[in-house]
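Colleague: No sequence on hand, only this structure:
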């Protein structure tokens, strides 16, 4: 592990707020649930951090889809969707001119995380800056670990990056490929890889592969395609060490996001600082939050930490 000498500046706590975008709004939240608009669909699903009162009780009766049958604290348990009309599996979404599918999954999630929009924006601005300054004299290389259905990978590729996207779920990679076709990015330089993120990154280190940007959005618990067991509290330190080892000699940033864990963002911040501090730059940590339409109430969704060179 790198030296713990303090060379990076620190910015914390920092809230990254998603006020919503054309295809997404947080309409209301409270009593352990949230009401969101995705395109034309109004969706009611569990949210353990929505502890306040509902401000628009009449709006909830108009939901097109309601998620039932699971404990919102248990990310691994199945539930079911109840639809007001004809059941649907997917729905169209777009962000910054990249189209993809939203999906009704048995785990209350919808195929993407709209609160990640500030990370996407940061990445796009960094890629544009690298291109304008010709700092790399080649396309930026992005490693997206635990990449899910590929929204960040598609946005990176659209803005000129060469992307390596890794997820343990063959089904998620299949959805990501569908999103690639929907986005009109079939020829984009993206490697879609079904693998255990830890094992893949360790092999990349041995091969001498290098990346300018690393994104990782690990679950609390998970399994790799070969039965590998992921435990965030046990494995994140080693995972970050591997990410540090595969950074190029002109790295731009590393972002780690953690959902549904009983921890402070300070814990993730200190771990990130321990691993990347000797590179200088800045380490910014805090929470991803969504701003409720109308009231401006903030709903926290996850913790994050970002090391950046500038």
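Modeller: Perfect, I can see it now. None of the values given here were measured: they were computed from a predicted structure. Numbering: from 1, shown residues only.
Colleague: What distance do you get for residue 84 to residue 103?
Modeller: Going from residue 84 to residue 103 by C-beta to C-beta, to the nearest Å gives 18 Å. In short, each C-beta sits where N, CA and C put it, glycine included.
Colleague: the more surrounded of the two?
Modeller: residue 103 (18 against 13; other C-beta atoms under 10 Å).
Colleague: Show me which residues of the longest helix seen in the chain are buried.
Modeller: Criterion DSSP state H: the longest helix present in the chain is helix 117-133. For helix 117-133, a neighbour-count test (16 or more other C-beta atoms under 10 Å) marks 117-120, 122-124, 126-127, 130 as buried.
Colleague: try stretch 89-104
Modeller: 91, 93, 95, 98-104.
Colleague: and what of stretch 241-255?
Modeller: For stretch 241-255, by 16+ other C-beta under 10 Å, it's 241-244, 246-247, 251-255.
Colleague: Would you format those residues as TSV with distance to residue 169 and pLDDT included?
Modeller: Formatted as TSV, these follow (distance: C-beta to C-beta, whole Å; pLDDT from 0 to 100):
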residue	distance to residue 169	pLDDT
241	24	98
242	20	98
243	20	98
244	25	98
246	22	98
247	26	98
251	28	96
252	27	96
253	25	98
254	23	98
255	21	98
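Colleague: In strands, which of these fall?
Modeller: 253-255 (DSSP state E).
Colleague: Tabulate these (CSV), appending distance to residue 38.
Modeller: Listed next are these as CSV, based on distance: C-beta to C-beta, whole Å:
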residue, distance to residue 38
253, 28
254, 29
255, 24
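Colleague: can you pull out the strands in the stretch 101-250 of the chain?
Modeller: In the stretch 101-250 of the chain, the strands defined using DSSP state E, counting those that start in this stretch lie at 141-145, 162-167, 190-194, 213-216, 221-223, 229-231.
Colleague: partners of the last one, with directions?
Modeller: If you go by DSSP bridges, strand 229-231 pairs up with strand 221-223 (antiparallel).
Colleague: what do you get for the second one?
Modeller: Neighbouring strands of strand 162-167 in its sheet, by DSSP bridges, are strand 141-145 (parallel), strand 190-194 (parallel).
Colleague: Out of those, which is the most enclosed?
Modeller: strand 141-145 (a mean of 25; mean count of other C-beta atoms under 10 Å).
Colleague: Run the chain-centre distance for that one.
Modeller: 12 Å (C-alpha atoms, centre = their mean, to the nearest Å).
Colleague: Other residues contacting it?
Modeller: 123, 150, 152-153, 156, 161-166, 197, 200-201, 204, 210-218, 239, 243, 246, 248 (C-beta atoms under 8 Å, 6 or more residues apart in numbering).
Colleague: relative to helix 117-133, how tilted is that strand?
Modeller: 160 degrees (axes from the mean of the first three to the mean of the last three C-alpha atoms, to 10 degrees).
Colleague: how near is residue 272 to residue 308?
Modeller: 11 Å.
Colleague: Find residues that contact each of the two.
Modeller: Shared contacts of residue 272 and residue 308, defined by C-beta under 8 Å, 6+ apart, comprise residue 283.
Colleague: Neighbour count for those two, which is higher?
Modeller: Set residue 272 next to residue 308 and count neighbours by other C-beta under 10 Å: residue 272 wins out with 25 against 20.
Colleague: element containing that one, please.
Modeller: Using DSSP states H and E, residue 272 sits within helix 265-276.
Colleague: before we move on, the earlier item: could you point out which of the strands paired with strand 162-167 sits nearest residue 268?
Modeller: strand 141-145 (15.2 Å; C-beta to C-beta).
Colleague: Buried residues in the helix holding residue 272, which are they?
Modeller: Buried residues in helix 265-276 (16+ other C-beta under 10 Å): 265, 267-276.
Colleague: Format the residues you listed as TSV; extra columns: pLDDT.
Modeller: Below are the buried residues of helix 265-276 laid out as TSV (pLDDT from 0 to 100):
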residue	pLDDT
265	89
267	90
268	92
269	94
270	94
271	94
272	96
273	94
274	94
275	96
276	96
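Colleague: what about the nearest residue to residue 103 once chain neighbours are set aside, distance to residue 229?
Modeller: Leaving aside its sequence neighbours, residue 103 sits nearest to residue 111 (C-beta to C-beta, 6 or more residues apart in numbering; 3.4 Å). Distance, residue 111 to residue 229, by C-beta to C-beta: 25 Å.
Colleague: Which one's more surrounded, the two?
Modeller: With neighbours defined as other C-beta under 10 Å, residue 111 and residue 229 compare such that residue 111 has more, 23 against 11.
Colleague: That one touches residue 175, doesn't it?
Modeller: Yes. Counting by C-beta atoms under 8 Å, residue 111 touches residue 175, with 6.7 Å between them.
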